[in-house]
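> give me coordinates for this.
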Amino acid sequence: MDAGMAHDSNLKKLNEYLIETLGQLVEAKKEAAALREQVTNLEKKLTEHDRLNASRKFENDELRGRNAKFELEMKNTNAALQLATKDRDVLNRSLDASKMDVTTQQKRANTLEQQLRKLDEEKKALARELQAAAQIVRVDIGVNTNPLPTPRSTPNDTKLPVVRGPSTAGPSRNRNVKEEQDMMADIIAVNPPSQLPLLRKQTIENVPQLIPDLPDGGTVCFTRPFITSHIGGGSQALISNIATPKSLALKFGITSYLCPNLWENPWCPTSPGMAGYMFVGLGEEIHYFVQPEVHELFVGVAKTNYRLMGRYQAHRVEPLTVEEWLTLPQKVRSKYCETTQRKAKDSRSIEGISAAYERGELRAPCVKLTCLDFKEDLYNKLKARKMRQNNMTPSSSQCSIQQEYPVTRSSQKRRCIETVKVDESSMDSDSDSSEYKMIRPEKRLRG
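Numbering: from 1, shown residues only. The predicted structure is shown next:
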């Protein structure tokens, strides 16, 4: 009995222990579950922390890269700004210099304009004075037996230039007392070509100047229709290509010729063999003479009179500068502006085109003319045909253009006065002969 009760007591204690232990295990399990949950949460938090750290590191790296790039851009921007500032300063200085230059050029232009007006007034006054005093020599047909003129002293002991006189001699008409005393003949002369600028003159000074061996100096002139009928080509174009050559063209191998005139090309040669320039190259002529071309050259010395100068090489050179343009007579510039408007199809007015030339926006093309040879037989045949056609002799009334150029013969340079003579009857008072003025070269002594 006691043993059973003891056993029951022990069993009860065991059950209580087991129940207590089970309760402890349940609590422990709950605690373990809670700990695992905490561990899981901690792991998640740690993972999130690591992710955030990595993200923060990436963002920091990206920010550092952007910052470095921004600093580089700022550096480049600052450098560019400094360069722009320097350029601005340079441009400001250039603008100031340009304003000063424009002011200087304007003053110079105003001064030149005043001088031109003054010279024009003096020219008109001199022309009126000379026209009142001068007389025209009428020469009879015949053979000249008088000697060529020689230099003679003037009252101021200055030497007058020696020029070739007319090919015949005869009595003059209406000579006044002073002319009889001076033994001088009055000649109507075309206004000589514009004075060549220094650099242009130096360029052609060393070019050999041919002097054809002609008794009359090659002074007989021909009209464009006459040239067309005896050589070929057109009678209007400046550059005449011969499609149907006449007998003289075939005989002398002429395939083309040029016909510039002095009232639009005042730097053209005025005597056979002389070098010079012409202002050709507008419109359809823009591509001409880029490479050297060879043509016969006739130069218009009056409205219908063209003089044979020889066979020339024509080659484009540097266009006229503003300074060179302003040296040309106003009438030449105005005429050339009209030509520019027509050939270049420029929609501006003549005044607008003139202003463009004076500003240097437009530049007149320039073609250098260098004589290669002179066909004396061609000149003599043209002259003979003209004499037969007009029933005239070399003693017809003539007029002279005088210009001084360096001429070489036998490889030795010398200075001479070249004389261009054209038929007096061809001069038209309504044409560009308004540029003509009176000169008084030396007369030949009578036999």
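
> next, count neighbours for the closest residue to R342 other than its chain neighbours.
Among residues not flanking R342 along the chain, G283 sits closest, at 7.8 Å (Cβ to Cβ, 6 or more residues apart in numbering). All C-beta atoms are positioned from the backbone trio N, CA, C, and that covers glycine. For G283, the neighbour count with other Cβ atoms under 10 Å is 12.

> state the next helix or strand along the chain beyond whichever strand or helix holds S240.
According to DSSP states H and E, S240 maps onto strand 239-241. Next along the chain after strand 239-241, taking DSSP H and E as the criterion, comes helix 247-252.

> buried residues, the helix or strand following that following helix. List them.
Of the helices and strands lying after helix 247-252 in sequence (DSSP H and E), the nearest is strand 256-258. By 16 or more other Cβ atoms under 10 Å, the buried positions in strand 256-258 come out as 257-258.

> what packs against strand 256-258?
strand 239-241, strand 293-302 (3 or more Cβ pairs under 8 Å, 6 or more residues apart in numbering; DSSP states H and E).

> what distance do you get for the residue positioned nearest the centre of the chain to N41?
Geometric centre of the chain, nearest residue: P319, 2.8 Å, by Cα atoms, centre = their mean. Going from P319 to N41 by Cβ to Cβ, to the nearest Å gives 93 Å.

> for the strand holding S240, which strands pair with it and how are they oriented?
With DSSP bridges as the test, strand 239-241 is paired with strand 256-258 (antiparallel).

> mean confidence score for the partner strand?
Per-residue pLDDT values over strand 256-258 give a mean of 96.

> for stretch 54-64, same thing?
Per-residue scores along stretch 54-64 average to 90.

> what is the neighbour count of D373?
11.

> and E71, by the same measure?
Neighbours around E71, by other Cβ under 10 Å: 10.

> please identify which helix or strand holds it.
helix 2-133.

> mind giving me the packing neighbours of that helix?
Counting contacts by 3+ Cβ pairs under 8 Å, 6+ apart, helix 2-133 is packed against strand 437-439.

> in space, what's closest to the residue nearest to the centre of the chain - neighbours in sequence excluded?
Of all residues apart from its sequence neighbours, R363 sits closest to P319 (Cβ to Cβ, 6+ apart), at 3.7 Å.

> next secondary structure element downstream of the lowest-mean-pLDDT helix or strand in the chain?
When each helix and strand of the chain is scored by mean pLDDT, DSSP states H and E, strand 187-189 comes last, with a mean of 31. For strand 187-189, the following helix or strand on the C-terminal side (DSSP H and E) is helix 198-205.

> quick one: contacts of that next one?
Outside helix 198-205, the residues that touch it by Cβ atoms under 8 Å, 6 or more residues apart in numbering are 196, 267, 275-277, 317, 324, 368, 370, 406.

> closest one to K29 out of those, please.
Nearest to K29, judged by Cβ to Cβ, of the contacts of helix 198-205 is V317 at 114.1 Å.

> how about stretch 294-311: buried residues?
Here stretch 294-311 shows 295-311 as buried, counting by 16+ other Cβ under 10 Å.

> so what would you say the end-to-end distance of that stretch is?
7 Å (Cα to Cα, to the nearest Å).

> with stretch 222-238 instead?
15 Å.

> so what touches that stretch?
240-246, 248-249, 254, 256-260, 280, 285, 298, 304-308, 382, 385-386, 389, 426.

> try it again at 7 Å.
240-242, 244-246, 248-249, 254, 257-260, 280, 298, 304, 306, 382, 385-386 (Cβ atoms under 7 Å, 6 or more residues apart in numbering).

> that one: which residues count as buried?
222-224, 226-228, 230-233, 238.

> and what of stretch 277-292?
Buried, per 16+ other Cβ under 10 Å, within stretch 277-292: 277-282, 285, 288-289.

> now the terminal residues of that stretch, how far apart.
End-to-end distance of stretch 277-292: 13 Å, with Cα to Cα as the criterion.

> stretch 339-357 - what's its average pLDDT?
94.

> can you check stretch 76-85 too?
90.

> please compute how far it lies from its chain's middle.
From the chain centre to the centre of stretch 76-85 is a distance of 39 Å (Cα atoms, centre = their mean, to the nearest Å).

> same thing with stretch 279-287?
Per Cα atoms, centre = their mean, the centroid offset for stretch 279-287 relative to its chain is 11 Å.

> for that stretch, measure first residue to last.
13 Å.

> what's in contact with that stretch?
Under Cβ under 7 Å, 6+ apart, the answer for stretch 279-287 is 238-239, 260, 265, 288-289, 316, 336, 339-340, 343-344, 364-367.

> ok, of those, which come out buried?
238-239, 260, 265, 288-289, 316, 336, 339-340, 344, 364-367.

> filter the residues you listed down to just the ones in helices.
336, 339-340 (DSSP state H).

> what is the nearest of these to E37?
Closest to E37, out of all of those and judged by Cβ to Cβ, is T340, at 101.0 Å.

> any idea what sits nearest that closest one, other than its immediate chain neighbours?
I353 (5.3 Å).

> hang on, L372 in a strand?
Yes. Counting by DSSP: H, G, I helix; E, B strand; the rest coil, L372 falls inside a strand.

> I figured it hits Y312, correct?
Yes. Between L372 and Y312 there is a contact under Cβ atoms under 7 Å: 6.4 Å.

> and those two? Which one has more around it.
Y312 (27 against 12).

> correct me, but the more buried one touches L297?
Yes. Counting by Cβ under 7 Å, Y312 touches L297, with 4.4 Å between them.

> shared neighbours of those two, which are they?
L369.

> P260 and A302, how far apart?
Distance from P260 to A302, by Cβ to Cβ: 13 Å.

> now E323. Nearest residue, chain neighbours left out?
E323 sits nearest to P197 (Cβ to Cβ, 6+ apart), 7.3 Å away.

> I'd like to know how far the one you found sits from E318.
11 Å.

> residues in contact with V290?
Here V290 is in contact with R316 (criterion: Cβ under 7 Å, 6+ apart).

> just the pLDDT for it.
pLDDT at V290 comes out at 94.

> pull out the buried positions in stretch 245-252.
Buried, per 16+ other Cβ under 10 Å, within stretch 245-252: 245-246, 248-249.

> present those as CSV; the columns should include pLDDT and distance to L81.
Formatted as CSV, those follow (pLDDT from 0 to 100; distance: Cβ to Cβ, whole Å):
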residue, pLDDT, distance to L81
P245, 92, 72
K246, 93, 75
L248, 94, 75
A249, 95, 72
